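> here you go, sequence then predicted model.
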Amino acid sequence: MRRRLLLSFLSITLFVLIALGLPLGLSYANTEDRRLATDVQQVAFGFSQRAGAIFDGGSVADAADLQMVVDAYARDGGARVVVADADGAVVAASPGAAARASTPAMVLALGGAEVRDRYRAAGLGESVGVAVPVLAGGQVQGAVLVEASRAATAQRIRNNWLLLGALGGAILLVVGLVSTLLARSFTKPLADLDRGAARLGEGDLAVRVAVPDDPPELTGLARSFNATAERLETLVRSQQAFVADASHQLRTPLAALRLRLENLEAEQADGEETRPEDIERSLAEVQRLSRLVDSLLVLTRAEADRRAPESIDLGRIVADRRDAWAAYAAEAGVRVEVEAPAILVRSVPGRLEQVLDNLISNALDVAPAGSAIRVQVLKRGEMAEVQVRDAGPGIPAEQRARAFDRFWRGGAVRRDGGGFGLGLAIVRELVAADGGDVALADAPEGGLAVVFRLPLAGPGPVAPLDAAPPSEADRLDEPVRVPSAR
Ligand SMILES: Nc1ncnc2c1ncn2[C@@H]1O[C@H](COP(=O)(O)OP(=O)(O)OP(=O)(O)O)[C@@H](O)[C@H]1O
Ligand SMILES: [Mg+2]
């Protein structure tokens, strides 16, 4: 990924550099060559004019003068000049140039033509040569040949190419560096994520990756990765805690049962008669154990239960549960009073019964004889609300937050001698599974009010639960003030 990014950056840069640099270099070379040619041509014309003046009746002094100028030019410019008359006889020539009077270019110039050419000349190397006729009195009286070395121009052109190359190289280097850094900044979060995912896969649930500010796609990916890891960790840790708690809770009744059975065995071995109450106590222990296992199963299944909710008449269920508990309540001298109009809620069949049973059983365990337990059902916005209130000791406000924890048991003196501390945990799981919530509050009766809410069933077909989770505003953050039942 990093190499590919780098390669693409570099190839684009190279393409741009070539597209811009090549025409620039070529045009510079062209301009330089043209200038050299023009310069040489001008010099040739200059000499041709001077020679023309001499041929037009100049003096010997003029001829010497021409020779001097020719020498001066040839010395300064790395050039050669030869001036010949109409017969090709040398009139003036720079050192070593006399032999050039009979070149084809000179012959052409003597014929009246103007010749410009680039060639390798002995002694000068690559050079530009210009031959022009000397005109005097309207006639060709001679010719001038100027040859100038192209070395300086070629050097300038080479230097220009080198400069362009160096510039291009520097640009490539900078682009390479910058794109390496960029590519690294792009790929680092990906590499981090890759490493994080690998560690998560190996079971390191505490792994989190750094969230990059940029680009947004990676920011989102890193955030969801962390959220996933967080959720996985919470889930696994709570499962572990649950299994640990559950096995711990199972140990005590199992140990008690074993003790009783061992006693029975010892009694039998001693030939004593087995007392029926010993067997009864063992059976009670077994019953307690199976109740614990049942509660644990309800708790674990509530989360995994994916059955679709149905429209259920809350009023009917509440009335049913009142009837179911009537005998037990009567035994305890407690009335169960129900105020439950028919209200349709969305719930998975069987759940509401379990919720109400747990709450009524808790209330019955603490309600003083002669008091009443009130179950009230009402509509509150988009939700149905159920209050289960008693006149018992209640739960102190500072303990209410923990009351829904698994295996938490309060200090209230109870009719049944105390359960496992799973009832309220089950209630919360089941209500949440139906998209509702539950909270504890003070009851006007003096005891505890457990208030849970469930989404009302809409008029249309019942939607799956996941489609419409309760909005944040609907949640019971604070205990609801329970209106007086009187
Ligand atoms: N109506 C109530 N009034 C006073 N205290 C209550 C009431 N309901 C529950 N509690 C307290 O909250 C604790 C937890 O209740 P929860 O129903 O979760 O467990 P439990 O009733 O002790 O055991 P389980 O329901 O598993 O048999 C109880 O031990 C009790 O002290
Ligand atoms: Mg309970």
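Nice, I can see it. The model shown is predicted, which means the values in this text are computed figures rather than measured ones. Ligands and ions are numbered 1, 2, ... in the order given.

> can you name the residue of the stretch 1-150 of the chain nearest ligand 2?
residue 1 (57.6 Å; CB to the ion). C-beta coordinates here come from the backbone N, C-alpha and C atoms, glycine included.

> quick one: residues contacting that residue.
183, 186, 187, 190 (CB atoms under 8 Å, 6 or more residues apart in numbering).

> find the closest residue to ligand 1 in the chain.
residue 419 (2.0 Å; CB to the nearest ligand atom).

> please report phi then psi for that residue.
When read as degrees, to the nearest 10, the backbone of residue 419 gives phi -100, psi -150.

> repeat that for residue 407.
Dihedral angles (degrees, to the nearest 10) for residue 407: phi 70, psi 10.

> report pLDDT for the closest residue to it other than its chain neighbours.
Once flanking residues are discounted, residue 407 sits nearest to residue 421: 4.3 Å by CB to CB, 6 or more residues apart in numbering. As predicted, residue 421 sits at a pLDDT of 91.

> what about residue 421, which SS state?
coil (DSSP: H, G, I helix; E, B strand; the rest coil).

> surely it and residue 411 touch.
No. Contact criterion CB atoms under 8 Å: residue 421 and residue 411 do not qualify, at 12.0 Å.

> the more surrounded of those two?
More neighbours surround residue 421 than the other of residue 421 and residue 411, with 18 against 9 (other CB atoms under 10 Å).

> which residues of the stretch 251-400 of the chain lie near ligand 2?
residue 362 (CB under 5 Å from the ion).

> so where do the strands sit in the stretch 251-400 of the chain?
310-313, 335-339, 344-347, 372-380, 383-389 (DSSP state E, counting those that start in this stretch).

> the longest one versus strand 335-339: what angle between them?
Orientation note: strand 372-380 sits at an angle of 10 degrees relative to strand 335-339 (axes from the mean of the first three to the mean of the last three CA atoms, to 10 degrees).

> so who does residue 44 touch?
130, 131, 132, 144, 145, 146.

> doesn't the fifth one lie inside a strand?
Yes. Under three-state DSSP, residue 145 falls within a strand.

> does it touch residue 109 like I think?
Yes. Counting by CB under 8 Å, residue 109 is a contact partner of residue 145 at 7.0 Å.

> overlap of the contact sets of these two?
In contact with both residue 145 and residue 109: residue 131, using CB under 8 Å, 6+ apart.

> picking up where we left off before, filter the contacts of residue 1 to the buried ones?
Neighbour counting by 16 or more other CB atoms under 10 Å classes 183, 186, 187 among the contacts of residue 1 as buried.

> give the contact list for residue 33.
Residue 33 touches 118, 128, 150, 153, 157, counting by CB under 8 Å, 6+ apart.

> likewise for residue 176?
By CB under 8 Å, 6+ apart, the neighbours of residue 176 are 6, 9, 10.

> residue 388 now?
For residue 388, the contact set (CB under 8 Å, 6+ apart) comprises 356, 359, 360, 363, 373, 374, 375, 449, 450.

> I appreciate the help and will end here.
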